[in-house]
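Asker: Sequence and predicted structure are below.
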Amino acid sequence: MNLLESGLLRKGFLMIMDKKQLLEQTDLFVLDMDGTFYLGDNILPGALSFIDAVNEKGKDYLFFTNNASTRPEAYIDKLAGMGCFITRDKIMTSGDVMIRFLKSKYPGQSVYLLGTKPLINSFEDAGIKLDDKHPDIVVASFDKTLTYEKLERACTFIREGAAFLATHMDINCPVEGGFIPDCGAICAAISLSTGKEPRYVGKPFVETVDMILDKTGYNRENVTFVGDRLYTDVATGVNNGARGVLVLTGETKLSDVDASDTKPDAIYDSIAQMGQLMLS
């Protein structure tokens, strides 16, 4: 073996050790869902083994998705159909973060919501006052029931002085066969019409991290955000004092990392590889 080959092997070994050390120093893994734990309706190979490894090592996990178009209970049912059985305290959405943000920063104020029926129900259950006549705030989310009338009303209310908030900044949502416009795309249309930019609260923003820390009690430096998107999943960790790691089972390719301003603390082929390293 020549010196170059030896150096490459040592470099590779150190990279693996660094990845393993990060896992050892993590108390809570915050897992993205689509593209990280499953793809569409199919669980990714080794995903359940990762959960087993987390439990065996006495660590913890929490699912977090920016997709607020579905109630957490529906995600619980979906995961159960894949053999992953969790309780409500193991999942959080950007809708949960927005509800907390509204109750903390805008108590008692009324909201015009661009969202699906499940999100509307969540807002109502939380005591948020919904108003389609004279709202104090417009909240945009991933509204798969969006109509031109709803879009026009949102723009009018914002022009008249309503605050403009949004659950998350994802531009596209991955679906079987491609992508569909997500909350960020809806907000772009509103911003172009009104000249106003929204305040986002889901990944990668600090409101998400603060809620997770408050709910779980873990220290920021011992929390690792895991996902397939650099600008949301990874950025949540690296921009807010936690860790952010990339898995290559979804949207982001390894070649995308060099061009990105957001650099992950580690890159894994999959959460299956993470589980294997944790137990090695």
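Answerer: Looks like it came in fine. Quantities reported herein were computed from a predicted structural model and do not represent experimental measurements.
Asker: And the helix or strand where residue 190 lies, what does it pack against?
Answerer: Using DSSP states H and E, residue 190 sits in helix 183-194. Here helix 183-194 touches strand 137-140, helix 148-159, strand 163-166, going by 3 or more CB pairs under 8 Å, 6 or more residues apart in numbering; DSSP states H and E. (Each C-beta comes from the backbone N, C-alpha and C, glycine too.)
Asker: what about 6 Å?
Answerer: helix 148-159 (3 or more CB pairs under 6 Å, 6 or more residues apart in numbering; DSSP states H and E).
Asker: quick one: contacts of the helix it packs on?
Answerer: Residues outside helix 148-159 that contact it (CB atoms under 6 Å, 6 or more residues apart in numbering): 112, 114, 135, 138, 164, 190, 193-194, 196.
Asker: if you set the cut-off to 10 Å instead, what comes out?
Answerer: 112-115, 131-140, 143, 146-147, 162-164, 186-187, 189-196, 198 (CB atoms under 10 Å, 6 or more residues apart in numbering).
Asker: Turn the buried ones among those residues into a named ChimeraX selection, would you?
Answerer: Per 16 or more other CB atoms under 10 Å, the buried members of those correspond to this ChimeraX selection:
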select :112,113,114,115,131,135,136,137,138,139,140,143,146,162,163,164,186,187,190,191,194,198
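Asker: before we move on, the earlier item: what's the next secondary structure element after the helix holding residue 190?
Answerer: strand 199-200.
Asker: pretty sure residue 214 is in a strand, no?
Answerer: No. Applying DSSP: H, G, I helix; E, B strand; the rest coil, one finds residue 214 to be helix, outside a strand.
Asker: how much space between it and residue 244?
Answerer: Distance from residue 214 to residue 244, counting by CB to CB, to the nearest Å: 19 Å.
Asker: residues near residue 21, how many?
Answerer: Residue 21: 12 surrounding residues under other CB atoms under 10 Å.
Asker: May I ask you to confirm that it belongs to a strand?
Answerer: No. Assessed with three-state DSSP, residue 21 is helix; it does not lie in a strand.
Asker: mind listing what it touches?
Answerer: With CB under 10 Å, 6+ apart, residue 21 has these contacts: 266, 277.
Asker: pLDDT score for it?
Answerer: According to the prediction, residue 21 has pLDDT 94.
Asker: quick one: which helix or strand includes the residue nearest to residue 201 when sequence neighbours are not counted?
Answerer: Take residue 201 and drop its neighbours on the chain: the residue closest to it by CB to CB, 6 or more residues apart in numbering is residue 207, 4.2 Å away. Using DSSP H and E, residue 207 sits in helix 206-216.
Asker: can you check residue 97 too?
Answerer: Assigned by DSSP H and E, residue 97 belongs to helix 94-105.
Asker: Identify each buried residue in that helix, please.
Answerer: If you call a residue buried by 16+ other CB under 10 Å, then helix 94-105 has these buried ones: 94-102.
Asker: repeat for stretch 82-92
Answerer: 84, 86, 90-92.
Asker: So which of those residues are in strands?
Answerer: Among the buried residues of stretch 82-92, DSSP state E puts 91-92 in strands.
Asker: so where is the chain shaky, pLDDT-wise?
Answerer: 1-17 (pLDDT under 70).
Asker: tell me the helices in it, going along the chain?
Answerer: Under the criterion DSSP state H, the chain contains helices at 3-24, 47-56, 72-81, 94-105, 117-125, 148-159, 183-194, 206-216, 235-238, 256-259, 271-279.
Asker: Which neighbouring elements make contact with the fourth one?
Answerer: Secondary structure elements in contact with helix 94-105, counted by 3 or more CB pairs under 10 Å, 6 or more residues apart in numbering; DSSP states H and E, are strand 60-65, strand 111-114, helix 117-125, strand 137-140, strand 163-166, strand 199-200, helix 206-216.
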